[in-house]
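In: output the structure for:
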Amino acid sequence: MPEINQELVAAFKEKAALVSATVVEKQSLAEAMEYAVEVCQAKEPAQLLANENCEKGPLGPLGCPTRVTKILAAPSLTDEEFASLTKLCEGKKIQCIKDGLRDHLAGIDVGFTFADLGVAGSGTCLANTDKEDVRLSGMISEIHILVLQKSQIYPDLPSVAQILRDRMKDGKRTYSTFITGPSRTADIERVGAIGVHGPLELHIILLEG
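Out: Numbering: from 1, shown residues only. Have a look, this model is predicted:
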């Protein structure tokens, strides 16, 4: 297992904070999943901007009904890990889903996925998004939580170029997503807006190892 470079970890945390990402450190995946459930519990319910077959709550600020049961999408987990996450959500009005995210395009409360590596120079995470459900969990969730191993933090983009080449060398279709902070744009009259093209919040969980 690669050694952890504490200087790179510190630089990554600093840069990620500058682009409005929330960075926390946990000792294990179990702790990371507990954190995801806590974040899901604490957030306001997602507003339904399209028809969806679910129990609806009071109208939100935009005049749209809210979803009574929140949704936590974790398409990257193994069956055993997903079972543990589901158990954590029991009795908390949180529905865990692992696939079929296209059925929830009206909005997912929290997406929980993994980053392959991090770039300290910009606070960026690189995620393998070959699977559609993994791509969607980072695009249509109101809050996206990424789990990153501290040992997989690299200094800058040139230092990860060979990793990308290796992913593409066999000619198969691949999707790699670079994520730097929550979604933001200033396309409309140069006014900055958060969450227009993706999550309102990005949480990065740094794991030991």
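In: wait, F82 sits on K98?
Out: Yes. The pair F82 / K98 is scored as a contact, 5.2 Å apart, by Cβ atoms under 8 Å. Backbone N, C-alpha and C define where each C-beta goes, glycine included.
In: any common contacting residues for the two?
Out: A74 (Cβ atoms under 8 Å, 6 or more residues apart in numbering).
In: what pLDDT, on average, does stretch 116-126 get?
Out: On average, the pLDDT along stretch 116-126 is 96.
In: now do stretch 31-50
Out: Computed over stretch 31-50, the average pLDDT equals 90.
In: got the buried residues for it?
Out: A32, M33, Y35, A36, V37, V39, C40, P45, A46, Q47, L48 (16 or more other Cβ atoms under 10 Å).
In: same check on stretch 81-95?
Out: F82, L85, T86, L88, C89, I94, Q95.
In: now the fourth one: which helix or strand?
Out: Read that as L88. For L88, the host element (DSSP states H and E) is helix 79-89.
In: centre of the chain to that helix, how far?
Out: In terms of Cα atoms, centre = their mean, to the nearest Å, the centre of helix 79-89 is found 17 Å from the chain centre.
In: what about the very next helix or strand once past it, average pLDDT?
Out: Moving toward the C-terminus from helix 79-89, the next helix or strand (DSSP H and E) is strand 94-97. In this model, strand 94-97 has an average pLDDT of 95.
In: tell me the angle whatever helix or strand comes next after strand 94-97 makes with helix 79-89.
Out: For strand 94-97, the following helix or strand on the C-terminal side (DSSP H and E) is strand 108-114. Per axes from the mean of the first three to the mean of the last three Cα atoms, to 10 degrees, the angle that strand 108-114 makes with helix 79-89 is 140 degrees.
In: what is strand 108-114 packed up against?
Out: helix 29-42, strand 70-73, strand 124-128, helix 132-137, strand 141-149 (3 or more Cβ pairs under 8 Å, 6 or more residues apart in numbering; DSSP states H and E).
In: can you find the helix or strand in the chain with the smallest mean pLDDT?
Out: strand 193-194 (a mean of 52; mean pLDDT, DSSP states H and E).
In: could you list the low-confidence segments of the chain?
Out: 1, 49-51, 183-198 (pLDDT under 70).
In: mind running it again at 80?
Out: Low-confidence segments of the chain, defined by pLDDT under 80: 1-2, 47-54, 62, 105-107, 170-171, 182-198, 209.
In: mind checking the SS state of the closest residue to T113 other than its chain neighbours?
Out: Closest residue in space to T113, ignoring its immediate chain neighbours: S76 at 4.9 Å, by Cβ to Cβ, 6 or more residues apart in numbering. Three-state assignment for S76 (DSSP: H, G, I helix; E, B strand; the rest coil): coil.
In: before I go, just wanted to say thanks for your time.
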